[in-house]
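[1] quick one, structure for this:
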Amino acid sequence: MLKIYFSGEDVLRTRVAPAADPVWELILSLHLLQGRSRDPMMTTWRRSVARGLRQENASDQFRLLFALNPPRGYFPDFLTPYASLGGFEAGLDAVRSTPTPLLHHDLTVLAGENALPSSASALARGEADVLRQLTDSMEQYRTVAINPYWGRIQAAVEADRTRRARALLDGGVEGLLASLRPAMRWDSGVLEVRDYPDSRELHLDGRGLLLVPSFFCARTPVALLNPALPPVLVYPVDRLGGLLPSPGEGGGPAPGREALAALLGRTRAAVLEVSDDGCTTGEVARRLNISAAAASQHTAVLRNAGLLVSQRDRNTVLHTLTPLGRAMLDA
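    Now for the predicted structure:
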């Protein structure tokens with residue numbers, strides 16, 4: 001179990017990342033791709049990515065990247081820098097600028113349980129050309145494994161952020177932390193991460209905690225090993241039916257095209273509009289002065305058309321816009 005200890009100052013400084021983190025998603029997707037999980041929601045993605053990487057015919061280029069990211073256990077902290085909050089390029093710049101002592105430390109820990117290619121030794125010495133090759137392979141991998149699905153990834157993360165925002169408004173930061181159940185439990189200033197692979201304690205010491213909702217995070221949340229780094233906890237979100245290529249990306253078809261014909265009518269357009277900032281079924285009914293049954297029916301049609309995502313929390317269902325839904329609303 002991982003126990004994270006909060007002071008009053010830490011509670012005030014705790015926040016949720018503003019969007020899906022592209023570097024964390026890339027790194028965690030590598031673990032899922034190589035793992036033995038039989039999650040049916042990810043099967044199509046794994047097959048498509050494996051096929052795409054074979055077509056790239058660049059196994060040598062990816063060898064170090066895959067070796068640094070085994071499917072289970074430790075992976076280097078330097079691969080997921082705090083700077084990735086600023087976007088993918090900012091994250092890669094931070095990886096290339098990693099101090100040599102941190103590279104050496106992380107790779108020494110990794111080598112204790114994993115066989116590494118010879119290029120890892122040069123990486124541990126901080127050789128610039130190897131760091132550049134590593135980030136080049138991250139960019140190439142992202143083109144195949146992440147970019148075609150980025151809209152769906154963003155939609156799932158944004159739906160979770162909306163849920164956390166409502167928890168924050170209703171119960172403050174402690175309400176936000178309590179909403180992370182069942183994988184985590186908040187009690188008397190301590191956030192307990194159940195089923196964590198190691199027994200650890202993390203004392204925030206007034207730095208607060210950055211919560212990063214992640215599509216590719218597996219069942220168990222992830223924290224950095226080095227306690228000196230800015231505290232981050234990455235946790236899984238509802239994957240909302242798995243991955244399909246986003247509209248207009250990766251050559252894939254737009255989801256739910258057949259269902260779009262069902263969107264004609266003022267009421268459904270109004271449902272789409274009131275869901276702009278997140279809305280429960282009951283709130284849809286009250287705002288539009290329609291029955292709960294009618295609100296449920298309209299949101300189901302919009303969801304099947306790929307315009308809404310719906311997430312249940314106890315006795316309520318929260319509806320938020322997908323990227324396609326927002327594009328239609330803004331058109």
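[2] do a quick rundown of the helices in the stretch 151-300 of the chain.
    Under the criterion DSSP state H, counting those that start in this stretch, the stretch 151-300 of the chain carries helices at the ranges 266-274, 281-288, 292-304.
[3] how is the chain divided into domains?
    For the chain, the structural domains run 2-18+151-236, 22-150, 258-330, going by automatic domain parsing.
[4] weakest of those in terms of mean pLDDT?
    With a mean of 81, domain 258-330 has the lowest mean pLDDT of the domains of the chain.
[5] Leu318 belongs to a helix?
    No: Leu318: not assigned to a helix; according to DSSP: H, G, I helix; E, B strand; the rest coil it is strand.
[6] could I get the full set of strands for this structure?
    2-5, 15-16, 184-187, 190-193, 200-203, 210-214, 222-223, 232-236, 279-280, 308-313, 316-321 (DSSP state E).
[7] now Gly171, nearest residue through space, not along the chain?
    What sits nearest to Gly171 in space, not counting adjacent residues and going by CB to CB, 6 or more residues apart in numbering, is Ala178, at 6.7 Å. Using the backbone N, CA and C atoms, a C-beta is placed for each residue, glycine as well.
[8] count the residues that sit near that neighbour.
    Counted with other CB atoms under 10 Å, the neighbours of Ala178 add up to 16.
[9] for it, give its distance to Asn315.
    Applying CB to CB, to the nearest Å, one obtains 16 Å for the distance of Ala178 from Asn315.
[10] before we move on, the earlier item: just so I know, which of the helices of the stretch 151-300 of the chain lies nearest Gly91?
    Among those, the nearest to Gly91 by CB to CB is helix 292-304 (32.4 Å).
[11] residues in contact with that closest one?
    256, 259, 262-263, 267-268, 271-272, 275, 281-282, 284-285, 288, 290, 308-310, 317, 319, 325 (CB atoms under 8 Å, 6 or more residues apart in numbering).
[12] then stretch 98-111?
    Among residues not part of stretch 98-111, those counted as contacts by CB under 8 Å, 6+ apart are 68, 74-78, 81, 116, 120, 123-126, 131, 225-226.
[13] quick one: which of the residues you listed is nearest Glu192?
    Out of the contacts of stretch 98-111, the member with the shortest distance to Glu192 (by CB to CB) is Leu225, at 18.1 Å.
[14] quick one: contacts for the residue nearest to the closest one when sequence neighbours are not counted?
    Closest residue in space to Leu225, ignoring its immediate chain neighbours: Asp77 at 5.8 Å, by CB to CB, 6+ apart. The contact partners of Asp77, by CB under 8 Å, 6+ apart, come to 102, 106, 224-226, 229.
[15] go with 10 Å
    With CB atoms under 10 Å, 6 or more residues apart in numbering as the criterion, the residues that contact Asp77 are 98, 102, 105-106, 109, 223-226, 228-229, 232.
[16] for Ile27, see how far away Val95 is.
    Relative to Ile27, Val95 is positioned 10 Å away (criterion: CB to CB).
[17] shared neighbours of these two, anything?
    Both Val95 and Ile27 are contacted by 76, 79-80, 84, 138, under the criterion CB under 10 Å, 6+ apart.
[18] take those and keep only those in helices.
    In this view, these that belong to helices under DSSP state H are Met138.
[19] and the furthest pair within the shared contacts of Val95 and Ile27?
    Farthest pair in the shared contacts of Val95 and Ile27 (CB to CB) is Pro76 and Ser84. Separation: 14.0 Å.
[20] ok, the spatially most central residue of the chain - contacts?
    Here the mean C-alpha position of the chain is nearest to the C-alpha of Ser214 (CA atoms, centre = their mean), at a distance of 1.6 Å. The neighbourhood of Ser214, defined by CB under 10 Å, 6+ apart, consists of 17, 20-21, 24-25, 27-29, 153, 156-157, 160, 221-222, 234-237.
[21] ok, 7 Å please
    24-25, 28, 234-237 (CB atoms under 7 Å, 6 or more residues apart in numbering).
[22] try Tyr74
    Taking CB under 7 Å, 6+ apart as the contact definition, Tyr74 lies against 109-110, 113, 225.
[23] pull out the buried members of those residues.
    Among the contacts of Tyr74, those classed as buried by 16 or more other CB atoms under 10 Å are 109-110, 225.
[24] now the contacts of Asp77 in CSV, with distance to Glu192?
    Formatted as CSV, the contacts of Asp77 follow (distance: CB to CB, whole Å):
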residue, distance to Glu192
Thr98, 31
Leu102, 28
His105, 27
Asp106, 26
Val109, 24
Ala223, 12
Leu224, 18
Leu225, 18
Asn226, 21
Ala228, 22
Leu229, 21
Val232, 17
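[25] just the buried subset of those residues, written out for PyMOL, thanks.
    In PyMOL, this line selects whichever of the contacts of Asp77 come out buried by 16+ other CB under 10 Å:
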select buried, resi 98+102+105+106+109+223+224+225+229+232
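[26] which of the contacts of Asp77 sits closest to Leu12?
    Using CB to CB, Val232 is the member of these that lies nearest Leu12, at 17.4 Å.
[27] state the distance from the nearest residue to the closest one once chain neighbours are set aside to Ala124.
    Nearest residue to Val232 in three dimensions, chain neighbours excluded: Leu210, at 4.9 Å (CB to CB, 6+ apart). Counting by CB to CB, the gap from Leu210 to Ala124 is 27 Å.
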